[in-house]
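**Q** have a look at this fold, sequence not included:
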Ligand code: XMP
């Protein structure tokens, strides 16, 4: 790779991905690797800087990760964050002590702005703290360059050796000017040039795919979601007619979604196969109301349909997958607890006759995948599509699923989305949709009594989909959506808006 590289060594903290994203947002490429990556490999990677992430509570705890002191001899700038600063201090002969109370949350912090790390910043500001241990004695040659009321060493530095540490989390947005601190580290200390751009990445990725694939045949399962669509477009621009995309339309997509995907890919010079499998899926889901059983059935059936179609093609050389970087990190770079257990329907290597897997997006974060999609010229409605669960509307029709209920939900959901878009809220609210509760209630329409379904609307704002706030959609927008839906969609006579956050609720209802 031509561009500069920063190495993020993962000590198991919950913000490891966030740190990497922030570095890339600063225009610098970085990779996350486990904290115990051998020094020889680090040297081979030739990074311009190294960042230690946060990690477990105490370096004195049993089995807590530690760093190889030889890292500090490489002449490469290092920034230790939270647990990372303590690791650095400990390894270089300083002492770390347990405080009586934990310092947690927004904390007023005083910075020495003569330090390159805090250059150009106000002398005081709020930082985000989350620690119990603190650095009691600095290692030889280090000086403290920030403090709080509780913590004498909120930051330290050894300028000649280019070693820096912060006790707080600059990557968390609650730290005022945190981005600027990371920017300072990268540009003023590591000598970053800011050479990570999507335009370059696109060119490199296309060339890489061509080199790997040669004149081989590639197969991709296309779900219509952002990742698989961007992967399809990238592969299509790289190897054109050598690519076959199988789009299993399970009939559980949002209104018109299947046609939209087909429109983009059907005439793009690749082999595009849309399998209309709605009947099969509905047949298997008939009478099933347990959410996990629905998920399982859909996952299994998806594999079966894909397998049948793939067999018609015969042997392929490469199976392509839209795996993205968070999946790669989550599946084992460090020791961080795996929180998410959702699986996208998609990766099916056991069932297809192929020689190798290619994952052209495996180094990209979600926002970078979107940028790449734009760079490749995909339409906005595909690139900016909100996350959509693999099992689709099956988990948004509560209880058992019928074709009629699905159509009702599709129509209502489409109106809600249209009104959100009309109000220009579609990029501010990160996920929004309708849920067909299977509850019925009494209403009155015209002169008659109705006994119809209650529809729930849901909108959330979130950074990571692991926690979320309910979106404060203006009343007028909700009012317009509500009145349009009851007027235009059959079988619905009542609409409610979900005002629970996650936790305690989840984003989806099932
Ligand atoms: P929850 O409901 O757990 O959802 O708060 C968090 C995010 O994950 C999506 N989600 C799924 N995605 N298969 C998926 O691919 C699933 O079974 C599934 N269930 C939930 C959900 O839409 C939200 O973005």
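**A** Structure received. The shown structure was predicted, so the numbers you read here are calculated from the model rather than taken from an experiment. Residues are numbered from 1 along each chain as shown.

**Q** quick one, helices of the stretch 351-500 of the chain?
**A** Listed in chain order, the helices of the stretch 351-500 of the chain (DSSP state H, counting those that start in this stretch) span 366-375, 380-383, 403-422, 475-488.

**Q** how far off centre is the last one?
**A** Mean-position distance between helix 475-488 and its chain equals 32 Å (Cα atoms, centre = their mean, to the nearest Å).

**Q** buried residues of that helix, list them for me.
**A** 477, 478, 480, 481, 482, 485, 486 (16 or more other Cβ atoms under 10 Å). All C-beta atoms are positioned from the backbone trio N, CA, C, and that covers glycine.

**Q** from the residues you listed, which is closest to the ligand?
**A** Distance to the ligand across those (Cβ to the nearest ligand atom) is lowest for residue 481, with 19.5 Å.

**Q** how about that closest one: what's its closest non-neighbour residue?
**A** Closest residue to residue 481 apart from its sequence neighbours, by Cβ to Cβ, 6 or more residues apart in numbering: residue 419 at 4.2 Å.

**Q** report how many residues lie close to that neighbour.
**A** 22 (other Cβ atoms under 10 Å).

**Q** what of residue 223?
**A** Residue 223: 24 surrounding residues under other Cβ under 10 Å.

**Q** now it: phi and psi?
**A** In terms of degrees, to the nearest 10, the main-chain angles of residue 223 are phi -100, psi -20.

**Q** and it, how far is that from residue 249?
**A** Distance of residue 223 to residue 249, given as Cβ to Cβ, to the nearest Å: 10 Å.

**Q** so what touches the host helix or strand of residue 104?
**A** Applying DSSP states H and E as the criterion places residue 104 in strand 95-111. Contact with strand 95-111 is made by 58-60, 86, 89-90, 118, 121-137, 145-151, 154-155, 168, 174, as judged by Cβ atoms under 8 Å, 6 or more residues apart in numbering.

**Q** from the residues you listed, which land in helices?
**A** 86, 89, 90 (DSSP state H).

**Q** ok, the second one touching residue 140?
**A** No: taking contacts as Cβ atoms under 8 Å, residue 89 lies outside contact range of residue 140: 10.9 Å.

**Q** for the closest residue to residue 443 other than its chain neighbours, which residues are in contact?
**A** Closest residue to residue 443 apart from its sequence neighbours, by Cβ to Cβ, 6+ apart: residue 493 at 3.4 Å. The contact partners of residue 493, taken as Cβ under 8 Å, 6+ apart, are 441, 443, 445, 450, 451, 452, 453, 454, 486.

**Q** one more: residue 212?
**A** By Cβ under 8 Å, 6+ apart, the residues touching residue 212 are 318, 358.

**Q** mind checking the SS state of it?
**A** Secondary structure, DSSP: H, G, I helix; E, B strand; the rest coil: residue 212 is helix.

**Q** check the residue most central in space within the chain and give its pLDDT.
**A** Nearest to the mean C-alpha position of the chain, by Cα atoms, centre = their mean, lies residue 366 at 5.1 Å. Residue 366 carries a pLDDT value of 88.

**Q** and it, what does it touch?
**A** So residue 366 contacts 226, 227, 324, 326 (Cβ under 8 Å, 6+ apart).

**Q** quick check, nearest of these to the ligand?
**A** Distance to the ligand across those (Cβ to the nearest ligand atom) is lowest for residue 227, with 10.6 Å.

**Q** the closest one is in what secondary structure piece?
**A** For residue 227, the element it lies in under DSSP H and E is helix 226-239.

**Q** report the angle between that helix and helix 366-375.
**A** Per axes from the mean of the first three to the mean of the last three Cα atoms, to 10 degrees, the angle that helix 226-239 makes with helix 366-375 is 40 degrees.

**Q** identify the residues contacting residue 42.
**A** Residues in contact with residue 42 (Cβ under 8 Å, 6+ apart) are 7, 50, 71, 74, 76.

**Q** name the nearest residue to the fourth one, sequence neighbours excluded.
**A** Counting by Cβ to Cβ, 6+ apart, residue 43 is the residue found nearest to residue 74 once chain neighbours are left out, at 6.4 Å.

**Q** quick one, phi psi at the one you found?
**A** Residue 43 adopts backbone torsions of phi -60, psi -40, taken as degrees, to the nearest 10.

**Q** any idea how far it lies from residue 50?
**A** Using Cβ to Cβ, residue 43 is found at 11 Å from residue 50.

**Q** residue at max distance from the center of this structure?
**A** In the chain, the residue that sits farthest from the middle, by Cα atoms, centre = their mean, is residue 447; the gap is 50.1 Å.

**Q** so is residue 139 in a helix, a strand, or just coil?
**A** coil.

**Q** residues from the stretch 151-300 of the chain in reach of the ligand?
**A** Within the stretch 151-300 of the chain, the residues that sit near the ligand (Cβ under 6 Å from any ligand atom) are residue 295.

**Q** what ranges does the stretch 151-300 of the chain have for its helices?
**A** Taking DSSP H, counting those that start in this stretch, the helices of the stretch 151-300 of the chain run over residues 178-184, 198-213, 226-239, 257-265, 278-285, 291-313.

**Q** buried residues, stretch 492-510. List them.
**A** Residues of stretch 492-510 classed as buried: 492, 493, 494, 495, 498, 502, 507, 508, 509, 510 (neighbour count, 16+ other Cβ under 10 Å).

**Q** and the residue of the stretch 101-250 of the chain nearest the ligand?
**A** residue 225 (8.2 Å).

**Q** gap between that residue and residue 240?
**A** 22 Å.

**Q** buried ones among the contacts of strand 95-111?
**A** Members of the contacts of strand 95-111 classed as buried by 16+ other Cβ under 10 Å are 59, 86, 89-90, 118, 121, 125-131, 133-135, 145-148, 150-151, 154-155, 168.

**Q** which of those residues fall in strands?
**A** In this view, the buried ones among the contacts of strand 95-111 that belong to strands under DSSP state E are 125-131, 133-135, 145-147, 155.

**Q** what's the most distant pair in those?
**A** 125 and 133 (22.9 Å; Cβ to Cβ).

**Q** if we can go back for a sec, neighbours around the closest residue to the residue of the stretch 101-250 of the chain closest to the ligand other than its chain neighbours, how many?
**A** Distance criterion Cβ to Cβ, 6+ apart; nearest residue to residue 225, sequence neighbours excluded, is residue 388 at 6.0 Å. Around residue 388 there are 20 other residues, counting by other Cβ under 10 Å.

**Q** how about the one 5 residues further on?
**A** Here the number of neighbours of residue 393 (other Cβ under 10 Å) works out to 26.

**Q** wait, it sits on residue 255?
**A** No: taking Cβ under 8 Å as the definition, residue 393 is not a contact partner of residue 255, at 9.6 Å.

**Q** common neighbours of these two, please.
**A** 410, 413.

**Q** how near is residue 253 to the ligand?
**A** Distance of residue 253 to the ligand, given as Cβ to the nearest ligand atom, to the nearest Å: 13 Å.

**Q** mind listing what that residue touches?
**A** Residue 253 makes contacts with 224, 388, 392, 393, as judged by Cβ under 8 Å, 6+ apart.

**Q** is it true that the third one touches residue 250?
**A** Just to be clear, that refers to residue 392. Yes: because the distance of 6.5 Å satisfies Cβ under 8 Å, residue 392 is recorded as touching residue 250.

**Q** who's more crowded, the two?
**A** Using other Cβ under 10 Å as the criterion, residue 392 and residue 250 rank with residue 250 on top: 25 against 21.

**Q** and the residue nearest to that one when sequence neighbours are not counted, what does it touch?
**A** Once flanking residues are discounted, residue 250 sits nearest to residue 281: 4.5 Å by Cβ to Cβ, 6+ apart. Applying Cβ under 8 Å, 6+ apart to residue 281 gives the contacts 250, 251, 252, 298, 301, 394.

**Q** since we're on the fifth one, how many residues are nearby?
**A** To tie it back to what came earlier, the one meant is residue 301. 19.
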